[in-house]
Every structure is written in C-alpha cells, then in structure tokens.
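J.: sequence unknown, structure follows:
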C-alpha cells in the first residue's frame, strides 16, 4: 500500500511571501515580536525539502527547550504522513532524500559539532541569540553536500531575529546598518522587516497582543513593537577598550598582593588570579576556564595552576558555595577547604552595585602615567572574549543579561574580585564555628575570615 500524502494549504502574508521567494545568500526576516517568524522559517525549510531532492537542511535554536517548543512539536504535526522523524538523529527524512536536521547551541562551542558537515541551507532562529563566532563557524558548513541533485543550487542561510541579545551587534551591522567588511558583498544580504501588524492571523485572532506589546517599558516597546534596532543599548561595558585595558603577560612583582576570584558551576568553573600593584591598580594575570568539574576537581585544578612560590592572600567565591548540597549534605565551602584551599571569602553578590564598581575601574585612569585602573593580560582569553559580549538585561535597568550563560562566568568572577576590594561591613556569620568568633582579631590567614575589608 503506497504512502498517503497529506495536503497543507498555507496562507502566508505579503512579508512571508517575500521571505519564501528570497534566494539571497543571507536572508533575515523579522525585527519585532509577533511577525510570524517561526512559522515562516519552518514553512520555508519544508518547502525547500519538498522541492529539492536530497537537499540537506540544518535548523538551529540556541537552547533545546526553544527548539522543542518552537519547531520540533510543530514540525511533528505538520509533517505527519509527509516525512519520518528519526529521534536518534533529531532529523526529519523525506521520501525524496531530503533532510531537515534540528540542533541547538546552548554553549558557544556547541557549534563545533557541525564542523565538517555540509548543509545547502542553514536556518538560524532568533539569530541575535547566537554570537558572531557561532554564526561565522556555521557559514563554513553552508556548502553543497554532494547528495543533492541540483548542482546549480546556491547554498544559503536564513535568519529570524529581534533586536537585543548577544548577537544584536553583528545582525544589526549586516542587515540594518549594512556596514560591510572586506570580502563581505552587499548583494548577499537581504532583510525583510516584519511587525505584528503584518501578521494578519494574529491580528484577527489575538489583537490584544498589540496592547501587550504597547505596555512594555519604553526601550523594549520600541524594539519589540516597532522593530527599532537602535532602541537597545549595545555593549554592557562600552568603557572596555581592548587596546587600553589589555597587556601582554609579564611576571607580576613578587611584592604585589595577589588574590583569586571564583565563579563555580558544574557547567563551567571560572577562576581569575589578580594582583594589586604598588600604586593600587589591579591586574588580572591568569585564568582557569573549564567545564564539567565537580567542586573537588575544580579546587585541585585551581591549586595546581597556582605556583608554590605564589602567595595568595584570599579567594573570593560565589555565595552559593556556602549552601549545603542535597547529594552530600556538605557545602561547597566545606569541600573546597577540605581539598586544600584556605582563606575562602564569600563574595558580595550585589549585582548592580558590582557592575557599577566594574564600570568605574574601566573608566578610571591614573593621570600621571595614563594607565587604566584595571588591566587584563591577553592570556585571559575567556574573560576578554566574554566582556564585550555582555548585554543589558531586557527588564532590569543597569543589570547585565544572564544569558547566554556561558559568557557570564568570567565577568561574574571579575565582579566578585573588584567588589572584594571595596570596604564593606564585616559579615557576622561564620559557618562551622560553634564558639563565638572574635572578628576584631580576625586576620586574612584565618580560614573563617569573611569580611570585605581592604587589606
């Protein structure tokens, strides 16, 4: 008995038709909420799969949850009786040999899994959630695969996007500002602006959604309702200047005070080593950035990366390490100190205040020598990569966005470090001490010392 094909009747709006018809090398669609971006992307890729035998298509979202909700479930419904979904490979296979593979890039390096693969078409949903590095890596995979029958087909990428997000700058540069670099051809880039008012289905069945967008805070309203790419502020730290705030590594003076800052997570351990110069400037001179470490392993890695001849005054760490863990009943503090790291200090986690302090360090100069108050050695690649990518939180003014999470670890550790140099009241609670502790006589050498006093 032959396969029974289902018939779908689609009624795209004018902007979506333009998106379907585009064969530009790079086509971006959207710019605001409610423009029907996800439906347009799914439908475009399905049409390509049905019309070109053997075409290889890759559809990406930043996270697995977004991929499942926005594309997997709708595609399962749309393609029932048309294509077979192979769950082990996360792909839809069509009778004509075409394939739509689904993927996500939760961490920046997840994109490397696609290197060496060939896809005639790549769809990047919510492109502003991807970093420029991820986008660039994917362009290397956008080529003829060899399984496609139409050798004159030109590989292409399709993007949907809204203003804001970690990729705001590169998407805006290419598709809005049209500010092209050497070897970027202006004819390759095509942008279709679509607003909620262009989505006839939504306007007919849920017109109240427009009122929802109108009720947003002003900056976000301009972006999400009207597609204003200039409404979102750019880099969270525009003060950061690579030429001014970085230096080639050198051996820090042995008399400088040295300390560490730790932001721990099983997904990523970030530890920074910092030194205070004789004139009060701070230098970040070493980093450890490694994923998948349990606390005891992270502690051993940090201690192994610290030369025996190097005196570390203290290590300031994320406050959640003082919480007891369900699996062991012990806190991260206990595990770290048991594994040999002493003088652990709980970080002041006041986010907005901490970001303000960082901003002042980046702004402040020593007028006589023209040196910045904060210098980062160029071997601290992850910190230098992450700082320029931080963006403003879309809802909390003056706070940094906490997504994508993989770029937040190093800036968080730096925030802990700089806040530890600001005078604060002593925190009068000491874990694992049954007797009354004499804070007046506390010193940096005491394991329980947790103040934020400058040394």
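T.: Right, received. Where do you want to start? Worth saying up front: this structure is predicted, and the values here are computed from it rather than measured.
J.: Confirm for me that residue 24 is in contact with residue 188.
T.: Yes: between residue 24 and residue 188 there is a contact at 6.4 Å, judged by Cβ atoms under 8 Å. For every residue, glycine as well, the C-beta is placed using N, CA and C.
J.: Pop the domain breakdown of this structure in here.
T.: 14-226, 242-441 (automatic domain parsing).
J.: With adjacent residues omitted, what lies nearest to the residue positioned nearest the centre of the chain?
T.: For the chain, the residue nearest the mean C-alpha position is residue 404 (2.5 Å; Cα atoms, centre = their mean). Among residues not flanking residue 404 along the chain, residue 166 sits closest, at 5.7 Å (Cβ to Cβ, 6 or more residues apart in numbering).
J.: Pretty sure the one you found sits against residue 407.
T.: Yes: between residue 166 and residue 407 there is a contact under Cβ under 8 Å: 6.8 Å.
J.: Residue ranges in the protein under the pLDDT threshold?
T.: Regions of the chain meeting the criterion pLDDT under 70 cover residues 1-8, 231-234, 326-328, 366-369, 423-455.
J.: ok but residue 29 is inside a helix, no?
T.: No: under DSSP: H, G, I helix; E, B strand; the rest coil, residue 29 falls outside any helix and is assigned strand.
J.: give me the beta-bridge partners of it?
T.: Residue 29 forms beta bridges with residue 160, residue 192, as assigned by DSSP bridges.
J.: so it touches residue 43, yeah?
T.: No: taking contacts as Cβ under 8 Å, residue 29 lies outside contact range of residue 43: 11.5 Å.
J.: For these two, work out which one has more neighbours and name it.
T.: Using other Cβ atoms under 10 Å as the criterion, residue 29 and residue 43 rank with residue 29 on top: 27 against 19.
J.: The more buried one: what's it in contact with?
T.: 15-16, 19, 35, 37, 40-41, 158-161, 191-192, 194 (Cβ atoms under 8 Å, 6 or more residues apart in numbering).
J.: Can you show me the helices along the stretch 151-300 of the chain?
T.: 168-171, 200-205, 208-214, 218-226, 242-245, 295-304 (DSSP state H, counting those that start in this stretch).
J.: And for the longest one, what's in contact with it?
T.: Counting by Cβ under 8 Å, 6+ apart, helix 295-304 makes contact with 260, 262, 264, 269, 271, 288, 290, 293, 315, 321, 332, 335-336, 338-341, all of which sit outside it.
J.: do stretch 128-137 as well
T.: By Cβ under 8 Å, 6+ apart, the list of residues contacting stretch 128-137 reads 60-62, 105, 108, 111-112, 114-115, 124, 127, 161-171, 389, 403-404, 407.
J.: Would you mind listing the buried residues in that stretch?
T.: Across stretch 128-137, burial judged by 16 or more other Cβ atoms under 10 Å covers 128-131, 134-135, 137.
J.: what does stretch 46-61 give?
T.: 46, 48-50, 52, 54-61.
J.: Beyond the biggest helix by length in the chain, next helix or strand please.
T.: In the chain, with assignment by DSSP state H, the single longest helix is helix 37-51. Next helix or strand after helix 37-51 toward the C-terminus (DSSP states H and E): strand 56-61.
J.: if we can go back for a sec, overlap of the contact sets of residue 166 and residue 407?
T.: Counting by Cβ under 8 Å, 6+ apart, the shared contacts of residue 166 and residue 407 are 131, 389.
J.: what are the ranges of the strands in the stretch 201-350 of the chain?
T.: For the stretch 201-350 of the chain, the strands defined by DSSP state E, counting those that start in this stretch cover 246-247, 257-264, 269-276, 282-290, 315-317, 344-346.
J.: now swap in the stretch 351-455 of the chain and tell me
T.: Secondary structure of the stretch 351-455 of the chain (DSSP E, counting those that start in this stretch): strands located at 365-366, 371-372, 374-377.
J.: okay, the ones you listed, which one's buried deepest?
T.: Ranked by mean neighbour count, those are led by strand 374-377 with a mean of 22 (mean count of other Cβ atoms under 10 Å).
J.: Show me which parts of stretch 172-185 are buried, residue by residue.
T.: Within stretch 172-185, the residues that count as buried by 16+ other Cβ under 10 Å are 172, 174-176.
J.: what does stretch 148-157 give?
T.: So for stretch 148-157, counting by 16+ other Cβ under 10 Å, buried means 148, 155-157.
J.: which one of the strands of the stretch 351-455 of the chain lies closest to residue 346?
T.: Distance to residue 346, taken as Cβ to Cβ, is lowest for strand 374-377 among the strands of the stretch 351-455 of the chain, at 22.4 Å.
J.: ok, the closest one: who's next to it in the sheet?
T.: strand 246-247 (parallel), strand 282-290 (parallel).
J.: which residues sit against that strand?
T.: 245-249, 281-286, 358, 361-362, 383-384, 418.
J.: Among these, name the buried ones.
T.: Buried, going by 16+ other Cβ under 10 Å: 245-246, 281-286, 358, 361-362, 383-384, 418, out of these.
J.: Max pairwise distance over these: which two?
T.: Using Cβ to Cβ, the two most remote members of the buried ones among the contacts of strand 374-377 are 286 and 362, lying 19.8 Å apart.
J.: And the helices in the stretch 1-150 of the chain?
T.: Per DSSP H, counting those that start in this stretch, the stretch 1-150 of the chain carries helices over the ranges 14-21, 37-51, 64-67, 73-78, 132-139.
J.: Serialize those to JSON lines and add fields for distance to residue 351.
T.: Output for those, formatted as JSON lines (distance: least, Cβ to Cβ, whole Å):
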{"stretch": "helix 14-21", "distance to residue 351": "39"}
{"stretch": "helix 37-51", "distance to residue 351": "31"}
{"stretch": "helix 64-67", "distance to residue 351": "24"}
{"stretch": "helix 73-78", "distance to residue 351": "35"}
{"stretch": "helix 132-139", "distance to residue 351": "26"}
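J.: Go through those helices and name the closest to residue 346.
T.: Ranking these by proximity to residue 346 (Cβ to Cβ) places helix 64-67 first, at 31.9 Å.
J.: Okay, buried residues for that closest one please.
T.: 66-67.
J.: what does that helix contact?
T.: Residues outside helix 64-67 that contact it (Cβ under 8 Å, 6+ apart) are 60-61, 102-104, 106, 125-126.
J.: Sort out which of those are in strands and list them.
T.: 60-61, 102-104 (DSSP state E).
J.: correct me, but residue 262 touches residue 319?
T.: No: look at residue 262 against residue 319 with Cβ under 8 Å: they stay out of range, at 11.2 Å.
J.: Those two: which is more packed in?
T.: Counted by other Cβ under 10 Å, residue 262 and residue 319 do not tie: residue 262 has more neighbours, with 28 against 14.
J.: Pairing partners for the closest residue to that one other than its chain neighbours in the sheet, please.
T.: In space, and not counting its chain neighbours, residue 262 is closest to residue 317: 4.2 Å by Cβ to Cβ, 6+ apart. Residues in a beta bridge with residue 317, per DSSP bridges, are residue 262, residue 346.
J.: which residues sit in contact with residue 317?
T.: If you count contacts by Cβ under 8 Å, 6+ apart, residue 317 has them with 261-264, 332-333, 336, 344-347, 416.
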